[in-house]
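# Attaching a predicted model along with its sequence, questions to come.
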Amino acid sequence: MTIDALPLPGPLLEARSVERSYGRTPALREASLSVTSGEVLAIMGPSGSGKSTLLHCLAGIFTPDAGEVWFGGRRLDTLGDARRSELRRTAFGFVFQFGQLVPELTAADNVALPLLLGRTGRRQAYQRARDWLRRLELEDLAGRRTGELSGGQTQRVAVARALVTRPKVIFADEPTGALDSLTGEKVMELLVGLARQEGTTVIVVTHDARVAACADREVMVRDGRVTDPYAGEVVR
Ligand SMILES: Nc1ncnc2c1ncn2[C@@H]1O[C@H](COP(=O)(O)OP(=O)(O)OP(=O)(O)O)[C@@H](O)[C@H]1O
């Protein structure tokens, strides 16, 4: 599936009555959620309520046991592994709690990597990596190994790496969870600010109300179901 072929508008990404268990432990029970193009959505909820599992199902990392996931008007969860990983590489970007960068590689290498894997030429990939590092205020650190960077710097490199492929959706799971509150706020401001400039949808799982305050909308996950954070009703 190419991004250009996606029939828009309509919800960009949808979970419809998704269920997912780990062995006998149910993590999601008929979880439904709809996200529009360009929206910044925060997913909140108690520990163990199913937030990360929902994010992984929406991103096509996990396939649900039941229910459906739709992206750009097409069914995502029934695609084969190869097509789902291609979609993740081309249309999605990821920022997780611990940047998941390659520590032995430089910041520029890490940011260029998704482009090189997508067969962008080396010169262009590094040019674009440097452009994104500059936008994340990291140009001076382009040649440093990411294993030597601070937590906040590492997360900014992770944001640059997530945005460099110009994805439709960025999935962020506790992106500021390992940072102090000031550094976390700065990372979120940069992530959300740049995503808005690019028209990228952001779905962020967080425990932090200040992170959620950057979003256009919040939903709550409780006992594997998506609810309205204020009314407590199940979202349909
Ligand atoms: N790999 C796994 N094996 C077994 N059970 C799991 C696994 N991953 C998650 N679970 C269980 O599934 C449920 C939902 O977990 P999930 O990680 O989605 O919750 P969460 O809301 O993201 O939690 P947290 O806020 O603590 O990260 C929990 O009961 C958890 O114990």
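Okay, I see it.
# Now do the lengthiest helix in the chain: everything it contacts.
For the chain, the longest helix by residue count, based on DSSP state H, is helix 181-198. For helix 181-198, the surrounding residues in contact (C-beta atoms under 8 Å, 6 or more residues apart in numbering) are 38, 40, 95, 135-137, 151-152, 155-156, 159, 163, 166, 170, 172, 175-176, 179, 200-202, 204, 208, 210-211, 214-215. Every C-beta, even on glycine, is put in place using the N, C-alpha and C of the backbone.
# For it, list every residue counted as buried.
For helix 181-198, the buried set under the neighbour-count rule, 16 or more other C-beta atoms under 10 Å, comprises 183-188, 190-192, 194-195.
# Dump the C-alpha coordinates for it into CSV.
Provided in CSV are the C-alpha atoms of helix 181-198 (Å, rounded to 0.1, in the frame of the first residue of the first chain):
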residue,chain,number,x,y,z
SER,A,181,9.9,17.4,33.6
LEU,A,182,11.6,20.4,32.0
THR,A,183,13.5,18.3,29.4
GLY,A,184,10.4,16.3,28.8
GLU,A,185,8.3,19.4,28.1
LYS,A,186,11.0,20.6,25.6
VAL,A,187,11.0,17.3,23.8
MET,A,188,7.2,17.3,23.6
GLU,A,189,7.0,20.9,22.4
LEU,A,190,9.5,20.0,19.6
LEU,A,191,7.7,16.8,18.6
VAL,A,192,4.2,18.4,18.6
GLY,A,193,5.4,21.6,17.0
LEU,A,194,7.2,19.9,14.1
ALA,A,195,4.4,17.4,13.6
ARG,A,196,1.9,20.2,13.3
GLN,A,197,4.1,22.0,10.8
GLU,A,198,4.3,18.7,8.8
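# List the strands paired with the following helix or strand past that helix, with their directions.
Per DSSP states H and E, the first helix or strand lying C-terminal to helix 181-198 is strand 201-205. Paired with strand 201-205 in the same sheet, following DSSP bridges, are strand 40-44 (parallel), strand 169-173 (parallel).
# how far out from the middle of the chain is strand 201-205?
The chain centroid and the centroid of strand 201-205 are separated by 6 Å under C-alpha atoms, centre = their mean, to the nearest Å.
# Can you name the residues in contact with the helix or strand following that strand?
Scanning forward in sequence from strand 201-205 by DSSP H and E, the next helix or strand is helix 209-212. Helix 209-212 is contacted from outside by 42, 44, 175-176, 181, 184-185, 188, 204, 206, 218, using C-beta under 8 Å, 6+ apart.
# contacting residues for the residue nearest to the spatial centre of the chain?
The residue lying closest to the centre of the chain (C-alpha atoms, centre = their mean) is residue 171, at 1.0 Å. By C-beta under 8 Å, 6+ apart, the residues touching residue 171 are 55, 58-59, 92-95, 203.
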